[in-house]
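Sequence first, predicted model second:
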Amino acid sequence: MMRNPLAHSGARRVIGTAALVLTLSAGALTPAGASTGASVLPSRMPSAAAAAAVDLAPYADPQLGPNVLVMKPTMSVEQIRSVFDTVAQRQVPNHFGPERYAIVFEPGTYGSAANPLVVQVGYGTQVAGLGRTPADVVVHGSINVYNQCDANGCIALNNFWRSLSNLTINVAGGEGCRKDTQFWAVSQAAPMRDVVINGRTTLMDYCTAGPQYASGGFIANSTLTGPPVVNGSQQQFFVRNTALPGWSNGVWNQMFVGSPGAPASTFPSTAPGPYTTIDRTPVVRETPRLVTQPDGTRGVLVPGVRTDSAGPSATSGRVIPLDQFVIAAPSSTVPAINKALREGKHLLLTPGTYSLQQTIRVSRPGTVVLGLGLPALSQRTGQPVLATASVPGVTISGVMLDAGAKRSKTVLQVGDAHGNAGSTRRSGGSGDTPTLVSDVFLRVGGAAAGSTTTAMTVDASNVILDNIWAWRADHGEGVGWTTNPADHGVVVNGDDVTAYGLFVEHFLRTEVVWNGERGRVYFFQNEKPYDVPSQSAWMMTPTFKGYPAFQVTSDVRSFEGWGMGSYSFFNQHQGIHLSTAFVSPTRPGVRLNHLLTRWLDGDGGIDSVVNGVGAPVDATNPGPSTVVSHPGTSR
């Protein structure tokens with residue numbers, strides 16, 4: 001969650017696009033001439049707010065359980081809308097509730113220009129097509145996320161835990177300010193993947209009363225056409241392997257990797273935006289997805305490895321039939337799951353909340369663990385929720401992992417827990433298929449009190465991290481300095497680990513510790529813990545105030561990072577300071593590029609950006625304070 005996200009508050013700036021002019025005034029972006037008063041649309045579509053709930057049972061998939069709802073092209077637009085509206089009534093306000101849903105579309109066409117399908121996506125909801133390609137499911141209409149509105153205004157800062165994937169949207173429908181526009185006003189843990197959007201796309205909801213803030217999102221392997229994407233109030237955003245029609249503006253940190261049509265790098269300039277653009281994606285595996293095969297049976301498409309790529313990928317990859325998966329529900333037992341995994345099955349987790357008494361263990365190369373509807377898994381015994389051996393080609397995707405009430409060493413263990421032992425770090429070497437951890441969201445607190453030392457530990461080598469949010473909760477249930485303690489968000493001990501879109505927030509000590517060689521990070525977003533009770537309680541050494549957001553440890557000889565930001569909001573009125581946000585050894589093989597810090601609110605601030613370099617940020621100089629390259633240039 002972010003505070004005061006627009007550095008331009010009180011200023012006025014006009015940002016031109018091919019078909020939309022946005023005016024930034026007092027921290028809000030709106031289409032020129034649009035209303036921002038009390039008469040604007042609320043946070044939910046009128047149909048979702050007013051329509052009677054329908055029985056969802058007739059739409060449930062008999063194989064995948066009651067919360068996987070299947071839309072078919074033979075259904076009317078009104079039927080499909082009633083399903084979405086019923087789920088939205090439950091899930092739009094359901095910030096920390098246990099309910100989860102996957103709404104999936106069989107291949108075909110839905111809606112029309114005359115009768116478009118316009119629906120909304122709330123918490124704990126996955127919307128996905130079941131075709132082999134996005135072209136196999138075509139929706140005429142829009143599938144939207146809007147601001148959450150309360151007495152303090154309308155924002156998207158907490159619009160987490162939802163997803164949209166594997167379909168084409170021909171944008172149509174909507175009314176007033178929302179006419180003919182695809183809204184995806186989200187923050188962390190709300191990926192858009194494998195989509196084609198033909199028409200206007202906006203990443204902020206400018207149709208509600210202010211302040212309309214949004215706080216960072218993720219788009220991958222997609223094609224967006226039409227006017228330039230309206231970034232608007234998004235403080236930071238990450239885009240990978242996506243064909244873009246342009247980008248309207250930036251606030252603090254916008255990054256594009258392997259994305260044709262992205263703006264050229266301008267960091268740290270804010271005119272038109274602080275952009276970091278990398279032309280090619282060095283190595284990636286796209287996320288597996290559930291598909292319907294030509295014979296009507298289901299399977300999971302597992303894309304292959306791409307190197308030095310740009311733009312969205314084709315549909316190459318293997319389809320694993322669903323009968324090769326153990327299909328788990330919250331009532332499933334871990335011994336049964338682990339037995340199936342040992343015998344060579346893959347794991348499909350259906351929507352719901354899982355309270356486990358043992359660790360789910362993956363020991364075979366190439367195993368796929370795939371969640372539908374963002375299932376939430378927690379552990380009662382203080383052991384990891386999920387652990388893998390250091391074997392190549394494992395996939396973990398689409399799951400939420402919660403720290404339990406009993407403190408664990410780690411919540412997610414990727415690779416055998418042998419630290420820097422040579423045998424582990426050589427596992428899964430460069431000749432093997434990399435392990436993929438994608439759309440994995442780790443929570444400590446929020447839904448309930450929890451505690452861990454490290455949310456995710458990566459001991460295996462040759463691993464791709466693709467859209468990770470490790471979050472020590474700053475709001476919700478079980479939140480407080482001693483109530484949801486957690487030292488580190490991510491610790492990487494393996495070599496050749498590449499991260500795209502790494503979001504890590506509010507942990508008590510160094511939030512990311514990187515011990516592995518040849519690591520690469522493309523985009524990092526961080527907030528320091530809000531609730532530090534005193535400076536004396538938060539000291540790494542007697543002279544180093546606080547703990548870094550990201551540390552490349554002293555023995556590392558090769559590392560590269562791009563587009564990395566850390567922000568402060570110390571809210572206990574104790575004048576808390578962090579000495580420096582980023583720490584790294586100063587040697588030729590280690591380089592950090594496009595770094596920034598920003599004071600959001602509260603007392604104290606961050607005294608420097610990296611290794612003592614870079615101006616401080618505090619109430620008198622909120623920043624951003626930037627360093628273009630280290631060792632190198634600061635501004």
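Cool, the structure landed.

Report the contact partners of the nearest residue to A113 once chain neighbours are set aside.
If the residues on either side of it in the chain are set aside, A113 comes closest to A172, at 5.3 Å by C-beta to C-beta, 6 or more residues apart in numbering. From N, CA and C alone the C-beta is placed, and that goes for glycine too. For A172, the contact set (C-beta atoms under 8 Å, 6 or more residues apart in numbering) comprises 111, 113, 116, 140-142, 180, 199.

again, only using 6 Å
By C-beta atoms under 6 Å, 6 or more residues apart in numbering, the contact list for A172 reads 113, 116, 140-141.

Next step: those residues restricted to helices.
Among these, DSSP state H puts none in helices.

Are any of those residues buried, and if so which?
Among those, those classed as buried by neighbour count (16 or more other C-beta atoms under 10 Å) are 116, 140-141.

now the residues you listed as TSV including pLDDT and distance to G122?
As requested, the buried ones among the contacts of A172 are exported to TSV (pLDDT from 0 to 100; distance: C-beta to C-beta, whole Å):
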residue	pLDDT	distance to G122
P116	98	20
H140	98	22
G141	98	17
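
just checking, G317 touches V300?
No - G317 is beyond contact range of V300, at 9.7 Å (criterion: C-beta atoms under 6 Å).

Give me the more crowded residue out of these two.
Higher neighbour count among G317 and V300: V300, with 22 against 18, using other C-beta atoms under 10 Å.

ok so the more buried one is a strand residue?
Yes - counting by DSSP: H, G, I helix; E, B strand; the rest coil, V300 is located in a strand.

Output stretch 579-589 in PDB with nothing but the alpha carbons.
The C-alpha trace of stretch 579-589 is given here as PDB (Å, rounded to 0.1, in the frame of the first residue of the first chain):
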ATOM      1  CA  SER A 579      21.200   5.400   6.400                       C
ATOM      2  CA  THR A 580      21.000   4.100   2.800                       C
ATOM      3  CA  ALA A 581      18.400   2.100   0.800                       C
ATOM      4  CA  PHE A 582      20.800   0.000  -1.300                       C
ATOM      5  CA  VAL A 583      24.000  -1.700  -0.300                       C
ATOM      6  CA  SER A 584      26.400  -3.400  -2.700                       C
ATOM      7  CA  PRO A 585      30.100  -4.200  -3.100                       C
ATOM      8  CA  THR A 586      32.000  -1.700  -5.200                       C
ATOM      9  CA  ARG A 587      33.600  -3.800  -7.900                       C
ATOM     10  CA  PRO A 588      33.400  -3.800 -11.700                       C
ATOM     11  CA  GLY A 589      31.100  -6.800 -12.000                       C
END
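
Please identify the buried residues of that stretch?
579-584.

Not counting its own residues, what contacts it?
So stretch 579-589 is contacted by 544-545, 548-552, 554, 557-558, 566, 590, 592, 595, 597, 606-610, 612, 631 (C-beta under 6 Å, 6+ apart).

And the residue nearest the centre of the chain, how far from R285?
By C-alpha atoms, centre = their mean, the chain has its centre lying nearest to A189, at 3.2 Å. Distance of A189 to R285, given as C-beta to C-beta, to the nearest Å: 20 Å.

So in terms of bridging, what pairs with V230?
T202 (DSSP bridges).

Could you do G446 as well?
E477.

mind listing what it touches?
96, 473, 476.

what's the model's confidence in stretch 535-554, averaged?
For stretch 535-554, the mean per-residue pLDDT is 98.

Tell me the predicted confidence for the residue lying closest to G404 once chain neighbours are set aside.
Nearest residue to G404 in three dimensions, chain neighbours excluded: Q379, at 4.6 Å (C-beta to C-beta, 6+ apart). Q379 is assigned 93 on the pLDDT scale.

Spit out the contact partners of Q379.
Residues counted as contacts of Q379 (C-beta under 6 Å, 6+ apart) are 356, 385, 404.

can you check Y522 too?
Contacts of Y522 by C-beta under 6 Å, 6+ apart are 257, 500, 562.

from the residues you listed, which is closest to G371?
Y500 (19.1 Å; C-beta to C-beta).

ok, the closest one touching R240?
Yes - here Y500 reaches R240: they are 5.3 Å apart, a contact under C-beta under 6 Å.

Flag the shaky bits of the stretch 451-600 of the chain, pLDDT-wise.
Within the stretch 451-600 of the chain, no stretch falls below the threshold (pLDDT under 70).

re the thing from before, dihedrals phi and psi, the residue nearest to the centre of the chain?
Phi and psi for A189, reported as degrees, to the nearest 10, are phi 60, psi 40.

and it, how far is that from T541?
On the measure of C-beta to C-beta, A189 and T541 end up 33 Å apart.

ok so, going back, just the buried ones among the contacts of A172: which are in strands?
When those are checked against strands (DSSP state E), the matches are 140-141.

could I get the buried ones among the contacts of A172 as CSV with distance to T223?
Formatted as CSV, the buried ones among the contacts of A172 follow (distance: C-beta to C-beta, whole Å):
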residue, distance to T223
P116, 20
H140, 17
G141, 18
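
Of the buried ones among the contacts of A172, which is the nearest to R90?
So of those, ranked by how close each gets to R90 (C-beta to C-beta), first place is G141, at 21.1 Å.

Give the full set of residues in contact with the closest one.
G141 sits next to 111, 116-118, 172-173 when contact means C-beta under 6 Å, 6+ apart.

For it, give its distance to I464.
Taking C-beta to C-beta, one finds G141 at 33 Å from I464.

ok, now Q413?
17 Å.

more crowded one of those two?
Neighbour count, other C-beta under 10 Å: between Q413 and I464, Q413 has more, with 25 against 21.

where does the chain have low pLDDT?
In the chain (pLDDT under 70), the answer is 1-51, 417-431, 632-635.

can you give me the helices for it?
46-50, 77-91, 334-342, 422-426.

my read: Y547 touches V512, true?
No - using C-beta under 6 Å as the test, Y547 is too far from V512 to be in contact (10.6 Å).

Do you have the strands of the stretch 401-550 of the chain handy? List them.
408-414, 435-444, 452-458, 463-472, 486-492, 497-505, 512-514, 519-527, 550-552 (DSSP state E, counting those that start in this stretch).

what's the first-to-last distance across stretch 528-548?
9 Å (C-alpha to C-alpha, to the nearest Å).

Quick check: buried residues in that stretch?
Those would be 528-532, 538, 540, 545-548, for stretch 528-548 by 16+ other C-beta under 10 Å.

And that stretch, how far out from the chain middle?
27 Å (C-alpha atoms, centre = their mean, to the nearest Å).

Outside of it itself, list whatever touches it.
474, 481, 506, 508-510, 568-572, 574, 576-579, 583.

how close does D439 get to A329?
For D439, the distance to A329 - C-beta to C-beta - is 20 Å.

These two: which is more packed in?
D439 (27 against 15).

show me what contacts the more buried one?
191, 397-398, 467.

now, among those, which is nearest to R361?
Taking the contacts of D439 together and measuring to R361 by C-beta to C-beta, the closest member is S397, at 17.3 Å.

Which strand residues bridge that closest one?
Bridge pairing for S397 - DSSP bridges - gives L370, S438.

Same question for the one 5 residues further on.
On DSSP bridges, the residues paired with D402 through beta bridges are S378, R443.

L374 is in contact with that one, correct?
No - using C-beta under 6 Å, D402 is not in contact with L374, being 11.8 Å away.

gap between the two ends of stretch 244-255?
Stretch 244-255: ends 13 Å apart by C-alpha to C-alpha.

Top of the contacts of Q379 by number of neighbours, please.
Counting neighbours by other C-beta under 10 Å, the top entry in those is V385, with 26 neighbours.

Run through the residues that contact it.
Going by C-beta under 6 Å, 6+ apart, V385 touches 377, 379, 401, 411.

Name the nearest of those relative to I278.
Proximity of the contacts of V385 to I278 (C-beta to C-beta) peaks at L401, which lies at 29.0 Å.
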